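Undergrad: Quick one: sequence and predicted model below, then my questions.
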Amino acid sequence: METQATMNYNRIAKAIDYIKIHFKKQPNLDDVAEKINLSPAHFQRMFTEWAGTSPKRFLQYISIEHAKKMLKEEQATLFETTFETGLSSTSRLHDLFVNIEGMTPAEYKNGGKNLYINYSFAESPFGALITAATAKGVCYMAFEDDEEKALSNLKAKFPNATFQRKLDLLQQNALFIFQNDWSKLSEIKLHLKGTDFQLKVWESLLKIPMGKLSTYGYIAEQVGSPKASRAVGTAIGSNPVAFLIPCHRVIQSSGVFGGYMWGATRKTAIIGWERAKTYKENAQHGLV
């Protein structure tokens, strides 16, 4: 059964789709609200509650012009320590709290035969998701409305592992990232199956601050393989942990957001939502 949170996200996704398709006409609030069968007042209220900003400002955050401007202004300083130390805790959330450990060959051999994996389903601001963890950390997180399909996709990653539907502390810590109050956030441990190169790429994504963007070419430089943009793109595309490893923050150098394993509209929604969140926090601290 579709929950209220999922219903609201699906309406917002539909609105974002409509705005992206008709952006040249610059649809107003009434047009968009009508398209998703809500009154303009209800739509404005629901959207502002979800995004923390108005639909009009959100539109600016997801425009190609805004993305290009961000890349131009911020790329030069993105990974510098001096810049990072000046950032708010929200912006550095992934870098500070998320810790990746690679699985050993012994752990994932024979389809993960030696692994015991707990999994659970949850809501997020971007739709329903499945989270799974071994005894060492979260090994999988994916957006998926259909629970059967979500479980089937998880089992395909570790076909011979032992699975149990159970929400454990490792998953709870990971899911807490979707809450508004991060003051009590604990370290989030990830236990991931990947090559050395993939793990290196995923670790570099943690350094992209929330509300900022990077490019495939720049990530390739960061991992010491400046000519391997394509390989970097493949590694990013095989990220097994949605949102926590922020592959959604990597876009094309043209400013186009590009594809996303869990849907281009969801990528747009997350980028806009994060930008609104960090802008609001920076405004509260007089940084904008």
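TA: Looks like it arrived, so ask away.

Undergrad: Contacts only, for the residue lying closest to residue 136 once chain neighbours are set aside.
TA: Of all residues not flanking residue 136 in the chain, residue 191 sits nearest, at 4.1 Å (CB to CB, 6 or more residues apart in numbering). C-beta: built from backbone N, CA, C; applies to glycine. By CB atoms under 8 Å, 6 or more residues apart in numbering, the contact list for residue 191 reads 101, 103, 133-134, 136-139.

Undergrad: low-scoring stretches of the protein, by residue?
TA: 1-2, 73-96, 180-184, 282-288 (pLDDT under 70).

Undergrad: What segments of it are helices?
TA: Taking DSSP state H, the helices of the chain run over residues 4-21, 29-35, 40-51, 55-61, 64-74, 81-85, 93-97, 105-112, 147-157, 169-175, 196-205, 216-222, 229-237, 264-284.

Undergrad: and the first one, what does it pack onto?
TA: Okay, so that is helix 4-21. helix 29-35, helix 40-51, helix 264-284 (3 or more CB pairs under 8 Å, 6 or more residues apart in numbering; DSSP states H and E).

Undergrad: Please identify the most buried of those.
TA: helix 264-284 (a mean of 19; mean count of other CB atoms under 10 Å).

Undergrad: Check the offset of it from the chain's centre.
TA: Averaging C-alpha positions (CA atoms, centre = their mean, to the nearest Å) puts helix 264-284 11 Å from its chain's average.

Undergrad: Can you give the contact residues for that helix?
TA: For helix 264-284, using CB under 8 Å, 6+ apart, the contacting residues are 9, 12-13, 16-17, 20, 50-53, 57-58, 61-62, 67, 88, 90-91, 125-127, 143, 209-211, 213, 243, 248-249, 251, 257-260, 288.

Undergrad: now residue 212: how far from residue 71?
TA: Plainly put, residue 212 is 9 Å away from residue 71 if you go by CB to CB, to the nearest Å.

Undergrad: Would you quantify the distance from residue 272 to residue 70?
TA: 12 Å.

Undergrad: Around residue 166, count how many other residues there are.
TA: Using other CB atoms under 10 Å, residue 166 is surrounded by 11 other residues.

Undergrad: In this structure residue 129 contacts residue 122, no?
TA: Yes: applying CB atoms under 8 Å, one finds residue 129 in contact with residue 122, separated by 5.8 Å.

Undergrad: So for the two, which sits in the more crowded spot?
TA: residue 129 (21 against 16).

Undergrad: Is the more buried one bridged to anything, and to what?
TA: residue 122, residue 143 (DSSP bridges).

Undergrad: Now for it: which residues touch it?
TA: Applying CB under 8 Å, 6+ apart, the residues near residue 129 are 121-123, 141-144, 150, 242.

Undergrad: Relative to residue 167, how far out is the spatially closest residue to residue 227 that is not a sequence neighbour?
TA: Nearest non-adjacent residue to residue 227, counting by CB to CB, 6+ apart: residue 220, 7.2 Å away. Taking CB to CB as the measure, residue 220 falls 37 Å from residue 167.

Undergrad: neighbour-wise, which of the two wins?
TA: Counted by other CB under 10 Å, residue 220 and residue 167 do not tie: residue 220 has more neighbours, with 21 against 15.
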